[in-house]
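Q: Below is the structure, and that's it, no one-letter string:
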């Protein structure tokens, strides 16, 4: 994923990671929208995790490709970049960083 611009200062561009809904028996329920759900086998599922797409010049705690866990009360501002909607958060809303390359199957 390549952004058409760059975030400023301490802003982080994220793509929320949707967790597939499962029944008690472990059956994954299909979503009504596209099956472009990002699942990451190497990380535990967490409702507030997101993939970092871009970082501002003053961001020091994460980099592109990291998985971050945000504060539960974080409400990312929507950013439509060439038809793809991303979230924009402040670096201060990040509680935990899972460093490393992530293979999304792109």
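A: Nice, I can see it. Because the structure is a prediction, the values reported are computed rather than measured. Numbering: from 1, shown residues only.

Q: from here on, contacts and neighbour counts on C-alpha atoms
A: Fine.

Q: Low-confidence regions, this protein specifically.
A: Applying pLDDT under 70 to the chain flags residues 23-24, 28-45, 100-106.

Q: Mind jotting down where the strands sit in it?
A: For the chain, the strands defined by DSSP state E occupy 11-16, 49-55, 67-70, 77-81, 84-90, 94-98.

Q: and of these, who's closest to residue 1?
A: Closest to residue 1 of these, according to Cα to Cα: strand 49-55, at 7.1 Å.

Q: Please enumerate residues in contact with that closest one?
A: Applying Cα atoms under 8 Å, 6 or more residues apart in numbering, the external contacts of strand 49-55 come out as 1-3, 6-8, 10-17, 62-70.

Q: ok, it: who's next to it in the sheet?
A: strand 11-16 (antiparallel), strand 67-70 (antiparallel) (DSSP bridges).

Q: Tabulate those in JSON lines, adding columns for distance to residue 83 and mean neighbour count.
A: JSON lines is the format used below for the strands paired with strand 49-55 (distance: least, Cα to Cα, whole Å; neighbours: other Cα atoms under 10 Å):
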{"stretch": "strand 11-16", "distance to residue 83": "13", "mean neighbour count": "24"}
{"stretch": "strand 67-70", "distance to residue 83": "22", "mean neighbour count": "23"}
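
Q: Could you save those as a markdown table and add columns showing distance to residue 48?
A: Converted to a markdown table, those look like this (distance: least, Cα to Cα, whole Å):
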| stretch | distance to residue 48 |
| --- | --- |
| strand 11-16 | 8 |
| strand 67-70 | 5 |
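
Q: distance from the centroid: which residue in the protein tops it?
A: If you look at how far each residue of the chain sits from its centre, by Cα atoms, centre = their mean, the farthest one is residue 25, at 27.2 Å.

Q: Quick check: closest non-adjacent residue to the residue nearest in space to the middle of the chain.
A: Nearest to the mean C-alpha position of the chain, by Cα atoms, centre = their mean, lies residue 50 at 2.1 Å. Spatial nearest neighbour of residue 50, chain neighbours left out: residue 16 (4.2 Å); criterion: Cα to Cα, 6 or more residues apart in numbering.

Q: quick one, what contacts the nearest residue to residue 75 once chain neighbours are set aside?
A: Excluding its sequence neighbours, the residue lying closest to residue 75 (Cα to Cα, 6+ apart) is residue 89, at 7.7 Å. When contacts are counted by Cα under 8 Å, 6+ apart, residue 89 touches 11-14, 74-77.
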